[in-house]
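[1] Got a predicted structure plus its sequence, pasted below:
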Amino acid sequence: MVLSRFWLVIFISSILFIIVGLFTSQYYSIDYVLNGKKDEPILIAEKFINEFPKPLQDSILKAEEKTFKVNIDTLNADTTYVFKNKTVKMYSGVQKSDGLLPTCKASLFDIILPLMAYLAFFCGLMELLIISGASEKLAKKLSPFFAQIFPSIPKNHESVSYMTLNFAANFLGLDSAATPFGLKAMESLQTLNPDKDRASDAQIMFMCLHAAGLTLIPTSIIGYRAAANAANPADVMLPCIITSFIGTIAALLLVGIRQRINFKSATLLIGLMSVIAAIVGLLFYINGLNLIEKNFFTSNLSAILLIAIIGLTLTYAFIKEKKFVEQKTTIFDAFVSGAKNGLTTGVTIFPYVLGMLAAISFFRNSGLFEMMSEGISVVFLNFNVSKEITDSLPVAMLRPFSSSGSRGFMIDAMNNFGPDSLTGRLSSIFQCSAETTFYVIAVYFGSINVKNTRYTLATMLLVDLICVITAIAVASWFFVK
């Protein structure tokens with residue numbers, strides 16, 4: 001219910017903002033909201049050529065092509081003039097996001113189809129884990145720890161192994177694998193849910209822990225920083241780990257207190273301390289590497305581990321081939337069967353993804369997001385917050401709505417302020433240490449047709465806020481001298 005109302009507010013307020021802008025002459029044309037594409041110039045006016053000053057007319061008429069573009073710095077530094085058929089069209093600025101119709105197309109071809117391919121492959125592997133008994137063994141090993149966080153899940157339930165694989169994939173920056181494992185976990189948890197339309201406690205806990213985005217190797221962030229010629233592309237890795245870890249602990253505490261989880265449990269404390277010890281040990285190891293060694297380590301670890309997961313799954317299935325024979329199937333046929341289930345899941349979640357991305361498209365292109373972002377930046381400046389910090393806030397604000405949008409802001413911040421500036425580094429940490437909250441809720445709950453998400457959205461947004469505050473503190477600690 002909360003997500004539905006929030007979706008309606010975003011959609012309706014953006015449409016009203018666009019209509020008001022059109023009738024108050026803030027916009028010359030709103031066609032770009034429907035048909036425009038990201039980074040295309042926006043039409044702001046159209047005039048006959050004789051309406052321009054004589055010097056500008058002369059410049060236009062001397063052009064070799066009938067259709068051409070001219071940047072006139074003396075009039076408007078960001079304005080482009082295009083002459084065609086006796087009129088001059090004026091463009092200023094660029095579109096922040098694809099329009100509604102390109103978004104609908106992109107949601108299918110750029111998001112759902114690749115996601116369906118990932119789902120098909122990894123759901124095929126998960127079918128091998130199930131039939132071979134590997135998922136059951138993994139669940140038995142981890143059940144004592146998960147029983148403390150998810151008390152409603154029966155001992156050795158298969159959902160434990162799926163959640164473990166999801167957390168591990170997120171931890172290693174394997175987004176393509178994390179989503180299929182996560183969707184399988186939600187599907188498994190739904191079998192235990194007595195009210196199929198209402199999110200269970202276990203599903204909420206899983207979603208909030210997933211949203212915290214605990215990441216060990218922020219591979220993509222390091223890649224973007226390397227492309228921007230950062231002196232040390234991996235220097236944000238430690239701040240990213242710290243920020244996402246604090247966000248994960250915050251999610252565990254916020255949901256745990258509400259669900260009355262016993263945090264004094266020895267098993268839970270030992271498990272948490274083991275995770276902390278592993279992270280600290282790895283950080284000490286990475287800190288001892290030189291720049292080339294760090295780049296090699298961060299660029300290969302995730303890929304090696306993913307290949308290892310695939311290899312071990314197939315090897316274990318081969319060793320336990322008798323179990324496949326007992327179920328009158330083969331390893332390959334089992335993989336194909338699981339892959340088909342992955343395709344079905346992809347079709348199921350498409351309408352939810354489409355609805356959310358369409359709302360975000362209107363929100364970005366209406367200018368409402370930029371107005372809110374600028375307003376918040378002004379408030380922060382009045383509280384003497386550094387301008388370097390306020391310049392990075394658009395990344396944090398857009399991250400819960402759109403990963404590609406916030407990524408664009410991050411790249412823009414690195415290009416404008418430098419990858420080694422506080423703004424560039426903080427933008428990278430924001431991008432790394434939070435999840436695309438609205439998209440994730442739409443996908444995960446949409447895949448199992450849960451309509452009432454209860455307090456999931458509010459908790460995930462609060463965790464996002466905690467990650468933002470933590471990121472600012474950690475970046476200031478590491479990079480402000």
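    Arrived safely.
[2] Confirm that residue 292 sits in a helix.
    Yes: checked against DSSP: H, G, I helix; E, B strand; the rest coil, residue 292 lies within a helix.
[3] For it, the count of nearby residues, please.
    Counted by other C-beta atoms under 10 Å, the residues lying close to residue 292 total 8. Any C-beta I mention is one placed from the backbone N, CA and C, and that applies to glycine too.
[4] quick one: it from residue 236, how far?
    Remark: distance between residue 292 and residue 236 (C-beta to C-beta, to the nearest Å) = 18 Å.
[5] Same check on residue 474?
    Taking C-beta to C-beta, one finds residue 474 at 10 Å from residue 236.
[6] who has more neighbours, these two?
    Between residue 474 and residue 236, counting by other C-beta under 10 Å, residue 236 is the more crowded of the two (30 against 21).
[7] Would you mind confirming that that one is in contact with residue 427?
    No: taking contacts as C-beta atoms under 8 Å, residue 236 lies outside contact range of residue 427: 9.5 Å.
[8] where in the stretch 351-481 of the chain is pLDDT low?
    Scanning the stretch 351-481 of the chain for pLDDT under 70 picks out the ranges 481.
[9] Show me the shaky parts of the stretch 201-350 of the chain.
    Ranges of the stretch 201-350 of the chain meeting pLDDT under 70: 213, 216-217, 219, 283, 291, 294-295, 298-299, 301-302.
[10] Please, which helix or strand holds residue 43?
    strand 41-48 (DSSP states H and E).
[11] for this structure, longest helix please?
    helix 331-365 (DSSP state H).
[12] tell me which strands and helices that one is in contact with?
    Packing partners of helix 331-365 (3 or more C-beta pairs under 8 Å, 6 or more residues apart in numbering; DSSP states H and E): helix 2-23, helix 31-35, helix 100-106, helix 113-132, helix 175-190, helix 291-319, helix 321-326, helix 437-446.
[13] Among the ones you listed, which comes closest to residue 285?
    Nearest to residue 285 among the helices and strands packed on helix 331-365 is helix 291-319; the distance by C-beta to C-beta comes to 8.6 Å.
[14] Could you list every helix and strand that the closest one packs against?
    So helix 291-319, by 3+ C-beta pairs under 8 Å, 6+ apart, packs with helix 113-132, helix 134-149, helix 219-227, helix 266-287, helix 331-365.
[15] and the closest residue to residue 263 other than its chain neighbours, how many residues sit next to it?
    What sits nearest to residue 263 in space, not counting adjacent residues and going by C-beta to C-beta, 6 or more residues apart in numbering, is residue 256, at 6.3 Å. Neighbourhood size, residue 256 [other C-beta under 10 Å]: 17.
[16] Just confirm residue 256 contacts residue 264, I think it does.
    No: counting by C-beta under 8 Å, residue 256 sits too far from residue 264 to count as a contact (11.4 Å).
[17] how far out from the middle of the chain is the longest helix of the chain?
    Chain-centre distance of helix 331-365: 15 Å, with C-alpha atoms, centre = their mean, to the nearest Å.
[18] got the angle for that helix vs helix 2-23?
    40 degrees (axes from the mean of the first three to the mean of the last three C-alpha atoms, to 10 degrees).
[19] need the next SSE after helix 331-365, C-terminal direction.
    helix 368-382.
[20] Give me the residues contacting the helix or strand just after that following helix.
    Counting by DSSP H and E, the element after helix 368-382 in chain order, helix or strand, is helix 387-390. Residues outside helix 387-390 that contact it (C-beta atoms under 8 Å, 6 or more residues apart in numbering) are 377, 380-381, 417, 421-423, 426, 472, 476.
[21] Repeat the analysis, applying 6 Å as the threshold.
    Around helix 387-390, the neighbours that count as contacts under C-beta atoms under 6 Å, 6 or more residues apart in numbering are 377, 380-381, 422-423, 472.
[22] And the residue sitting furthest away from the middle of the chain, how far from residue 242?
    Within the chain, residue 54 marks the point farthest from the mean C-alpha position, 50.6 Å out by C-alpha atoms, centre = their mean. Separation of residue 54 from residue 242 (C-beta to C-beta) stands at 62 Å.
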